[in-house]
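1. Below: sequence and its predicted model.
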Amino acid sequence: LYSNNDYEIDPVLAAVGQLQFEVVASRLVTEYGVETNYEPLPFSIARWVEGGWEVADSLAGKLFNAKLFKDASDRPVLLFKNQ
(Lines give C-alpha, C1' and ligand atoms only; values in the text may rest on other atoms or scores of the structure.)
Protein backbone atom coordinates (compact mmCIF):
# COMPACT_ATOMS: atom_id res chain seq x y z
CA LEU A 1 0.00 0.00 0.00
CA TYR A 2 1.02 3.60 -0.49
CA SER A 3 -0.03 6.75 1.28
CA ASN A 4 -2.56 8.91 -0.48
CA ASN A 5 -0.45 11.87 0.68
CA ASP A 6 2.27 12.80 -1.85
CA TYR A 7 4.63 13.77 0.99
CA GLU A 8 4.62 10.31 2.58
CA ILE A 9 6.59 8.10 0.21
CA ASP A 10 7.35 5.03 2.32
CA PRO A 11 5.36 1.98 1.19
CA VAL A 12 3.18 0.14 3.70
CA LEU A 13 3.47 -3.64 3.88
CA ALA A 14 0.19 -5.18 4.95
CA ALA A 15 0.35 -8.67 6.44
CA VAL A 16 -1.81 -11.03 8.45
CA GLY A 17 0.66 -11.52 11.26
CA GLN A 18 4.16 -10.93 12.59
CA LEU A 19 5.53 -14.04 10.87
CA GLN A 20 4.72 -12.62 7.43
CA PHE A 21 6.77 -9.51 8.20
CA GLU A 22 9.68 -11.65 9.33
CA VAL A 23 9.50 -13.79 6.17
CA VAL A 24 9.54 -10.70 3.93
CA ALA A 25 12.48 -9.20 5.83
CA SER A 26 14.40 -12.49 5.61
CA ARG A 27 13.76 -12.85 1.88
CA LEU A 28 14.82 -9.27 1.18
CA VAL A 29 18.15 -9.94 2.90
CA THR A 30 18.68 -13.40 1.40
CA GLU A 31 17.54 -12.72 -2.17
CA TYR A 32 18.47 -9.05 -2.63
CA GLY A 33 20.98 -8.24 0.10
CA VAL A 34 18.70 -5.48 1.39
CA GLU A 35 18.37 -4.76 5.10
CA THR A 36 14.92 -3.56 6.11
CA ASN A 37 13.44 -1.48 8.86
CA TYR A 38 9.77 -1.61 9.65
CA GLU A 39 7.57 0.13 12.15
CA PRO A 40 4.20 -1.31 13.14
CA LEU A 41 1.18 0.86 12.39
CA PRO A 42 -1.86 0.91 14.69
CA PHE A 43 -4.26 -0.46 12.05
CA SER A 44 -5.85 -3.90 12.16
CA ILE A 45 -8.53 -3.86 9.43
CA ALA A 46 -8.29 -3.04 5.71
CA ARG A 47 -11.26 -2.37 3.44
CA TRP A 48 -11.28 -1.42 -0.23
CA VAL A 49 -13.66 1.45 -0.95
CA GLU A 50 -16.53 0.53 -3.23
CA GLY A 51 -17.20 3.37 -5.63
CA GLY A 52 -13.55 4.32 -6.08
CA TRP A 53 -11.91 7.64 -5.39
CA GLU A 54 -15.11 9.67 -5.72
CA VAL A 55 -16.53 7.89 -2.68
CA ALA A 56 -13.19 7.80 -0.85
CA ASP A 57 -12.67 11.55 -1.29
CA SER A 58 -16.18 12.24 -0.01
CA LEU A 59 -15.22 10.54 3.29
CA ALA A 60 -12.45 13.05 4.03
CA GLY A 61 -12.85 14.41 7.55
CA LYS A 62 -15.71 12.04 8.35
CA LEU A 63 -13.78 9.00 9.56
CA PHE A 64 -11.95 8.60 12.85
CA ASN A 65 -9.30 6.00 13.67
CA ALA A 66 -8.85 5.35 9.96
CA LYS A 67 -6.45 6.38 7.22
CA LEU A 68 -6.79 6.32 3.45
CA PHE A 69 -4.17 4.55 1.33
CA LYS A 70 -3.96 3.34 -2.26
CA ASP A 71 -2.99 -0.11 -3.46
CA ALA A 72 -0.68 -1.06 -6.35
CA SER A 73 -3.62 -0.70 -8.76
CA ASP A 74 -4.34 2.82 -7.43
CA ARG A 75 -7.57 1.72 -5.71
CA PRO A 76 -8.52 3.42 -2.43
CA VAL A 77 -8.04 1.35 0.72
CA LEU A 78 -9.11 2.37 4.20
CA LEU A 79 -7.14 1.09 7.18
CA PHE A 80 -8.98 1.09 10.49
CA LYS A 81 -7.59 0.87 14.02
CA ASN A 82 -10.56 -1.21 15.19
CA GLN A 83 -13.93 -2.53 14.06
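-> Here it is on my side, so go on. Numbering: from 1, shown residues only.

2. show me the contacts for residue 53.
-> residue 76 (C-beta atoms under 8 Å, 6 or more residues apart in numbering). From N, CA and C alone the C-beta is placed, and that goes for glycine too.

3. hang on, it in a helix?
-> Yes: assessed with DSSP: H, G, I helix; E, B strand; the rest coil, residue 53 lies in a helix.

4. Could you measure from it over to residue 70?
-> Separation of residue 53 from residue 70 (C-beta to C-beta, to the nearest Å): 9 Å.

5. Repeat that for residue 49.
-> Residue 49 is 10 Å from residue 70, by C-beta to C-beta.

6. got any residues that touch both of the two?
-> 76, 77.

7. any idea whether the closest residue to residue 63 other than its chain neighbours is helix, strand or coil?
-> Take residue 63 and drop its neighbours on the chain: the residue closest to it by C-beta to C-beta, 6 or more residues apart in numbering is residue 78, 7.1 Å away. Recorded secondary structure, residue 78: strand (three-state DSSP).

8. Residue 78 contacts residue 66, correct?
-> Yes: the criterion here is C-beta atoms under 8 Å, and residue 78 meets it with residue 66 at 5.3 Å.

9. bridging residues for the residue nearest to residue 63?
-> residue 47, residue 68 (DSSP bridges).

10. list the contacts for it?
-> For residue 78, the contact set (C-beta under 8 Å, 6+ apart) comprises 46, 47, 48, 49, 56, 59, 63, 66, 67, 68, 69.

11. what about it, distance to residue 49?
-> Distance from residue 78 to residue 49, by C-beta to C-beta: 6 Å.
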